[in-house]
Structure formats: structure tokens, C-alpha cells
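**Student:** below is the sequence, then the predicted model.
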Amino acid sequence: MVDNTKLAALRHDFDRAGLSETDVNADPVEQFRLWLDAAINSDIKDANAMTVSTVGDDGRPSARVVLLKYFDAAGFTFFTNYGSKKGRELEHHPFADFHFFWPDLERQVSISGRVAKAPRELSEEYFLSRPIESRIGAWASEQSSEIASRKALEERVEFYKEKFGDDVPLPDFWGGLTMTPDRFEFWQGRKSRLHDRIVYSPDGNGNWQIARLAP
């Protein structure tokens, strides 16, 4: 039986750092880079892991953790099977939220915006950089579809190993999805749950305006 008393008592105070709207970079992409670099340099495992939240035709949200692989001023990119649940949802409802959580640094970042397929050249460049086993896996897995058994999946892996050998091409159904952000929120944990929340949003003139949100 779940001990909800213990569960409710789980807490710790945040006291590593603060975050001021006067100190953050004027460019949210650069501010994100600074925080991601800090996470990587702190040896946080999978520092580029992010929760991708989408919505389906039924209005229900869904979320999963993927890895950010590219980002710059043009957008933030991860890679997937376009026929997966997230791929189908983003095709019909092309807005998403990318959420990063680095508990060791007491930091979170949420990035929202419109998502579209990345250029095929970028997808091919990344796909060919992956280990051959991962490339075979992309062909073998009809991601998010129901399968009969683990054995059936392993048989598909063997089929594509024999078919392609060491020359595994990029599938047409697989590639990058790139978000063009229209909102960033940076969260720094503070004592007594009085956290710092700094949000960037477009000012209508091609620049970003910065504001503080109540915790």
C-alpha cells in the first residue's frame, strides 16, 4: 500500500543560485546554450534529454523523453520515426513544448513553438553518424505500432541486417523535427518555493522581451 504521508513529506529546499531578468542574456538561445553547457560540464547524464509534449486529435496531451541533437537560432531539433505517435500528432497539430529538467542544478527550461520536418540533408547527416545498430533499429521498428512479440521485432532486425549489410540508408519515414520557438521560460529553484521564473516572448518587432513570472 502506498504511504502517502511519506510521499507528501518528500521535499528539499533549493539554494544553489538565483536568476535575475537583468542578468540573463538578451538572446534566449544563447541563455539556453549557457545552461546546457553548465549541465554538460557538471557531468549530468543525458543533459540533452527533454520531455516533448504534444496533443492528439482527441485533445489529450502526451509526453515522452527524447534527446535534443541540434539547436541554433533557427530552431531545436530531435529525430524520430515520422509515423510514431509524436510524429503523427505533430503533423496534425504542429505545436509542442520541449521541457528540460536538471535537478542537480535546480534548473528547468521550457521552450514552446511550432514544429516542422527538418531538411532531409540534416536528417541524412545525423542518421549516417549513428551506430549501424541504431540505423538498423530505425528500419526494424514501426514505432508506436502494436507488435506481436519481442521475437517478431528481433526477426525484423535480422531481416534488415541481411538486406543492407553495412550500407544502411536513411528511411523516408525517419528524420528530424525542428521547433521554431516563440516562448522560452527559465526556472531556477529558490528557497521556500519562491523560485525565479524568467520568460522570453516576441515583442512584435523581431526582438525578445523579458519578464519575470510569479513562482
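**Tutor:** Alright, I've got the coordinates.
**Student:** and the longest strand belonging to the chain, what's buried?
**Tutor:** As assigned by DSSP state E, the longest strand anywhere in the chain is strand 174-188. Neighbour counts over strand 174-188 (16 or more other C-beta atoms under 10 Å) mark W174, G175, G176, L177, T178, M179, P181, F184, E185, F186, W187, Q188 as buried. Every residue, glycine included, has its C-beta placed from N, CA and C.
**Student:** cool, stretch 87-94 as well?
**Tutor:** Quick answer for stretch 87-94 (16+ other C-beta under 10 Å): G87, R88, E89, L90, P94.
**Student:** and the last one, how far is that from R114?
**Tutor:** Think P94. Distance of P94 to R114, given as C-beta to C-beta, to the nearest Å: 5 Å.
**Student:** in the sheet, who's paired with the residue nearest the centre of the chain?
**Tutor:** Geometric centre of the chain, nearest residue: M50, 3.4 Å, by C-alpha atoms, centre = their mean. Under DSSP bridges, the beta-bridge partners of M50 are V66.
**Student:** about what we covered before: among the buried residues of stretch 87-94, which one sits closest to G56?
**Tutor:** Nearest to G56 among these, counting by C-beta to C-beta, is E89 at 5.1 Å.
**Student:** and the closest one, what does it touch?
**Tutor:** E89 makes contact with T54, V55, G56, S62, according to C-beta atoms under 8 Å, 6 or more residues apart in numbering.
**Student:** inside strands: which ones of those residues?
**Tutor:** Per DSSP E, the subset of the contacts of E89 in strands is T54, V55, S62.
**Student:** re earlier: separate out the buried members of the contacts of E89.
**Tutor:** The buried subset of these (16+ other C-beta under 10 Å) comprises T54, V55.
**Student:** export the contacts of E89 to a markdown table and append columns for pLDDT and distance to K45.
**Tutor:** Formatted as a markdown table, the contacts of E89 follow (pLDDT from 0 to 100; distance: C-beta to C-beta, whole Å):
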| residue | pLDDT | distance to K45 |
| --- | --- | --- |
| T54 | 98 | 25 |
| V55 | 98 | 29 |
| G56 | 96 | 30 |
| S62 | 97 | 24 |
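**Student:** fine by me, thanks again.
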